[in-house]
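Chemist: Next comes the sequence, and after it the predicted model I'd like to discuss.
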Amino acid sequence: MLRTGFSLFFRIGSLTLVCSLCALALSGCEKDDICVDGDTPLLIIKFFDDENPDNSKNVDQLRVLGLGQEDAVDTFADRTTLDSIAIPLQPGETQTTFIFILDSEDEEELEIGNRDTIRFDYNTREVFISRACGFVAQYEDLESELQVGSENWIRNIEVNNAFVQNPDTTHVSIFH
């Protein structure tokens, strides 16, 4: 009889402990444990006509590669005709370099098209969003440098907003 009483007491105690731990775990949750505002902003680039700077202008068959990368940036459809794009900067670095390819296509497994290289320099600032989202990177003091070549299709670059925080703002204008 003593053994049965102890077994029943042990089971009830174990059940009480499990229920207490579950209640404690659930009480630690807050409504902000779902992250909705926690994305590091992308660099927004808009393309303009060099001869009519007020008019946007599509780039045909655009492909953008990170320097040293084989795969195209995946934040927009590869080899499409667009007048604006959003690309990621590297949060742990102070610069990111991209190769912008006009009229990109594969010919016998080789990439062809007119390549221009742009380096973006910036300072990274980490901003705490919430407990669920953690930190996101924001970029300050954005500058750009076009590697000049004899066949550049990009004529000029203008930084419109040196603080990359808002995904609805054009940060850089490229004239071609």
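Modeler: Arrived safely.

Chemist: biggest strand in this protein, by residue count?
Modeler: Longest strand in the chain, counting residues (DSSP state E): strand 110-130.

Chemist: So which bits of that strand are buried?
Modeler: Gly113, Arg115, Asp116, Thr117, Ile118, Phe120, Tyr122, Thr124, Arg125, Ile129 (16 or more other C-beta atoms under 10 Å). In short, each C-beta sits where N, CA and C put it, glycine included.

Chemist: what does stretch 57-69 give?
Modeler: By 16+ other C-beta under 10 Å, the buried positions in stretch 57-69 come out as Lys57, Val59, Leu62, Arg63, Val64, Leu65, Gly66.

Chemist: coming back round to it: just give me the closest of the buried residues of strand 110-130 to Glu51.
Modeler: Nearest to Glu51 among those: Asp116, at 17.8 Å, using C-beta to C-beta.

Chemist: who's that closest one bridged to?
Modeler: Phe100 (DSSP bridges).

Chemist: Pull up the gap between it and Phe175, please.
Modeler: Taking C-beta to C-beta, to the nearest Å as the measure, Asp116 falls 12 Å from Phe175.

Chemist: Overlap of the contact sets of those two?
Modeler: Residues touching both Asp116 and Phe175 (C-beta atoms under 8 Å, 6 or more residues apart in numbering) are Ile154.

Chemist: which ones are touching the most centrally placed residue in the chain?
Modeler: Most central in the chain under C-alpha atoms, centre = their mean is Pro88, positioned 3.8 Å from the mean C-alpha point. Contact analysis of Pro88 by C-beta under 8 Å, 6+ apart lists Thr40, Leu42, Leu43, Val73, Thr75, Thr96.

Chemist: tell me the SS of the fifth one?
Modeler: Under DSSP: H, G, I helix; E, B strand; the rest coil, the three-state class of Thr75 is coil.

Chemist: Specify the beta-bridge partners of the residue lying closest to it once chain neighbours are set aside.
Modeler: In this structure, Thr75 finds its nearest non-sequential neighbour in Ala86, 5.2 Å apart by C-beta to C-beta, 6 or more residues apart in numbering. Here Ala86 sits in beta bridges with Ile44, going by DSSP bridges.
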